[in-house]
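# need coordinates for the below:
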Amino acid sequence: MTQISAKPMPASDAEVLQIANSDAWLSLKAATAEFQGLQAKDGSLADSAAAPRATELIETAIASIQSLKAHFEHDAEYLEQLVADLQKWSDAGFGVPDFLDSLVQFQPQAQRIDGLMHLVLFPMYTQNGSTSRHLEAVLVQVMWPEFIANLEGTDYTNALFVPLRFVDFTEGYDTNSAVLFPESVAIRETPSFTWGAIFQDREAARFRKVLLEAASITNLQLPDDAAELLADQHLTEETFIMWDLIHDRTHMRGDLPFDPFMIKQRMPFFLYSLEELRCDLTAFRESMKIAGNPKTDEKTAKMAKLVQYAVIFDRIFRFAITGSRVRNYDGLGGQLLFAWMHQHHVLHWTDTKLSIDWDQVPEVVASLGDAIDELYWKSIDRPKLAHWLAAYELVSATVTPNPASQWAKGPEALPLTAPLREITDQVMDDEFPLSMFYEALNKKMSSVIESTKGMTGATEI
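Numbers count the residues shown, from 1 in each chain. So this is what the prediction gives:
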């Protein structure tokens, strides 16, 4: 691991503004944006005739980084290697980029200090944003509240987790992307990744905007403590940090019958739905335990209750109707949670008004998490295909499949002796279409959800 060259210090509000409005940052941002227009999808130069201009732009970027280094002494080794990687790329004629050397020097998980800033520049794709490995520049600030530090230091250890807020960014992040993952960087070989960052300010801002509109459309009366989330961006950010802290670590914990991240595996998308929902419902249930523990301090207990609201509202309002209907595993997870709550009689849609029996919600929502956990536990002893069929049975018992589905007809309608990929191909792109409730809600909410693209904590809702 890289050594930290100076004691990391959080940036004051004045320093954040100074850096974000400095000529050096604005020059770096402009040069990066223009350079993106010269790149092919793999990050290389699309046309060799543009090499002279590309060289000038990289020279500008290097000069800007050198000018900004004084603000980022805690990242000195990374920025030094970044300059070297940029120069090497330029000298080699801008082929497919390789920034492994600078990536391994960037270790934000070792400096989780509330308010600490980082300047990040890599050729990378942005999840839920650009699929091209283009040069992207991001100014970020770490969020590390004291209660989160206490949770992470005791019962919820997650050494890889880095919560961030946006300060400024280039085009790849003017999107729905809310993560910064080392896996997205252009590198020659895959190292052991040691961190993963989530932009909690973006998650919180779009959650608040969507919830405000959804509550209005559905005539949902929010509990007083849940309503606080609409009024307080900072409170919502801290809620999402706690949620993601527990969610993220859950991918590696439990009775897992497969690679928890399902990397390089082609499986029916509803399995991804269950994995993501499992992690969210684990965060929900752990928050129930934290809130109900008499030893929990007042601040943490309050945040634990807010996490429960956030999981439900984000899942049933934003997740369920965000994105296309092509293998939308997060969308299905939201549909499943809504239908489960409705069919267990704690969520009601009556007289065009949505109401929720909050005193009964914890037990019902926790029971869905328990059902998924039981599926996983049993599946360790099952062949893969049997696990897939059991998972489909769990989902389809609550969310109605497409009437045209082969899977919905039962195992006898599937080519069970064929290669697994052929069985996966039988899953329809929209295997579980939106219900009539969600079709109506989507028509009223789609423009609001679309408007959350590029939001940050500084955006007015």
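# so where is this structure shaky, pLDDT-wise?
1-6, 258-265 (pLDDT under 70).
# so in it, which helix runs the longest?
Ranked by number of residues, the top helix in the chain under DSSP state H is helix 269-292.
# show me what it is packed against.
On a contact count with 3 or more Cβ pairs under 8 Å, 6 or more residues apart in numbering; DSSP states H and E, helix 269-292 meets helix 233-250, helix 298-313, helix 329-343, helix 361-379, helix 384-396. All C-beta spots, glycine's among them, are computed from the backbone N, C-alpha and C.
# so for the first one, what gets flagged as buried?
Judged by neighbour count using 16 or more other Cβ atoms under 10 Å, the buried positions of helix 233-250 are 233, 235-250.
# equivalent analysis for the shortest one, please.
By neighbour count with 16+ other Cβ under 10 Å, helix 384-396 contains the buried residues His387, Trp388, Leu389, Ala391, Tyr392, Leu394, Val395, Ser396.
# list the contacts of the fourth one.
Contacts here follow Cβ atoms under 8 Å, 6 or more residues apart in numbering; on that basis Ala391 touches Pro268, Phe270, Leu271, Leu274, Leu375, Ser379.
# what's the spacing between it and Ser379?
Separation of Ala391 from Ser379 (Cβ to Cβ, to the nearest Å) stands at 8 Å.
# tabulate the buried residues of helix 384-396 in CSV, adding columns for distance to Ser192.
Shown next, in CSV, are the buried residues of helix 384-396 (distance: Cβ to Cβ, whole Å):
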residue, distance to Ser192
His387, 28
Trp388, 30
Leu389, 35
Ala391, 30
Tyr392, 35
Leu394, 34
Val395, 34
Ser396, 39
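# nearest to Leu332 among the residues you listed?
Set against Leu332, the nearest of those by Cβ to Cβ is Val395 (7.2 Å).
# quick one, what contacts the nearest residue to that closest one once chain neighbours are set aside?
Excluding its sequence neighbours, the residue lying closest to Val395 (Cβ to Cβ, 6 or more residues apart in numbering) is Phe270, at 5.2 Å. With contact set as Cβ under 8 Å, 6+ apart, Phe270 has these partners: Tyr329, Leu332, Ala391, Tyr392, Val395, Val427, Glu431, Phe432.
# so how many other residues sit close to the second one?
It refers to Leu332. 25 (other Cβ atoms under 10 Å).
# next up, phi/psi of Leu135, please.
Phi and psi for Leu135, reported as degrees, to the nearest 10, are phi -70, psi 130.
# tell me who's in contact with it.
When contacts are counted by Cβ under 8 Å, 6+ apart, Leu135 touches Thr32, Phe35, Gln36, Gln39, Gly43, Pro97, Leu121, Phe122, Pro123, Thr170.
# one more time with 6 Å
Leu135 makes contact with Thr32, Phe35, Pro123, according to Cβ atoms under 6 Å, 6 or more residues apart in numbering.
# for the residue lying closest to Ala386 once chain neighbours are set aside, give its distance to Arg206.
Distances taken as Cβ to Cβ, 6+ apart place Ser379 nearest to Ala386, at 7.7 Å, with adjacent residues excluded. Relative to Arg206, Ser379 is positioned 34 Å away (Cβ to Cβ).
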